[in-house]
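Asks: Below are the sequence and a predicted model; questions follow.
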Amino acid sequence: MAVFFQRNEIEFERTGQATTVANNDVARLMYYLDCVCDAIDCANDSDIQRFTNYNNWHHLSIEEQKALLVVCYAFSPDVLNNRVFFHSDAFCGDSSNQFYKVSQVRNQIVAAESIIIAGRVLTVNKIMTYRLEWMRTYYFNPMEALIRRTANPPQRPALSYTYTAPVVRQSTSSSSTCTFARVCCWSH
């Protein structure tokens, strides 16, 4: 069953609130996923919920960042657009995104009551409208940057050294002087 929205038919209350997200790709993707979980019911999934605390983005290891990419890909805009997420500058007001309760939605925007993602049926609690800038900032650009960064994580330069065995040089003169030399070279 679908639900509809017409802004001149009914008064509605926006449910979104202002937030601050760190200027970091991991934090932005975690915020994106938090918005997904605000719109659909994924509160009981601890594997997803651990990636929604965007204020603690710096605690994620490289492996956890890779897992975040996989989860965000599963909840991509392609899956959510025109079902849970709607591109609508008009409904965002002064914000770059805005949430509305599904029960308050009537006649212009069609929202599903549930959505199947990765073989699981999830309940739609709210819809989210967004400006394209929001989607670029919190999904497309961070996904691209994090994919690049986790595919080739920066490596610490390996400290290596070369050992050269002692060299014994004997003098060609009649004296019996020997010279020993040992060479070690370090490089980064």
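Replies: Cool, the structure landed. Numbering: from 1, shown residues only.
Asks: Tell me where the longest helix sits in the protein.
Replies: helix 25-39 (DSSP state H).
Asks: So which residues of the protein form strands?
Replies: Taking DSSP state E, the strands of the chain run over residues 2-5, 85-87, 97-101, 106-107, 111-112, 114-117, 120-123, 126-130, 160-170, 178-187.
Asks: what helices or strands is the longest helix of the chain leaning on?
Replies: If you count contacts as 3 or more C-beta pairs under 8 Å, 6 or more residues apart in numbering; DSSP states H and E, helix 25-39 packs onto helix 46-49, helix 62-74, strand 97-101, strand 126-130, helix 141-151. C-beta here means a position set from N, CA and C on the backbone, and glycine is covered the same way.
Asks: Of those, flag the one that's most buried.
Replies: Greatest average neighbour count among the helices and strands packed on helix 25-39 goes to strand 126-130 (a mean of 24), per mean count of other C-beta atoms under 10 Å.
Asks: Tabulate the CA atom coordinates of that strand in CSV.
Replies: Output of strand 126-130 as CSV, limited to C-alpha atoms (Å, rounded to 0.1, in the frame of the first residue of the first chain):
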residue,chain,number,x,y,z
LYS,A,126,9.4,8.6,7.6
ILE,A,127,10.3,10.0,4.3
MET,A,128,13.2,12.3,3.6
THR,A,129,13.3,15.1,1.0
TYR,A,130,16.7,16.4,-0.1
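Asks: angle of that strand against strand 97-101?
Replies: 160 degrees (axes from the mean of the first three to the mean of the last three C-alpha atoms, to 10 degrees).
Asks: and strand 126-130, what's its mean pLDDT?
Replies: Mean pLDDT, strand 126-130: 92.
Asks: Repeat that for stretch 59-70.
Replies: Here the average pLDDT along stretch 59-70 is 95.
Asks: got the contact list for that stretch?
Replies: Identification of contacts with stretch 59-70 by C-beta atoms under 8 Å, 6 or more residues apart in numbering yields Val26, Leu29, Met30, Leu33, Phe51, Met143, Leu146, Ile147, Arg149, Thr150, Pro153.
Asks: make it 7 Å
Replies: Residues outside stretch 59-70 that contact it (C-beta atoms under 7 Å, 6 or more residues apart in numbering): Val26, Leu29, Met30, Phe51, Met143, Leu146, Ile147, Thr150, Pro153.
Asks: go on, stretch 83-91?
Replies: By C-beta under 7 Å, 6+ apart, stretch 83-91 touches 39-40, 77, 98, 109, 111-112, 115, 124, 127-132.
Asks: Just list the residues touching Ser96, thanks.
Replies: Shown in contact with Ser96 (C-beta under 7 Å, 6+ apart): Tyr130, Arg131, Glu133, Trp134.
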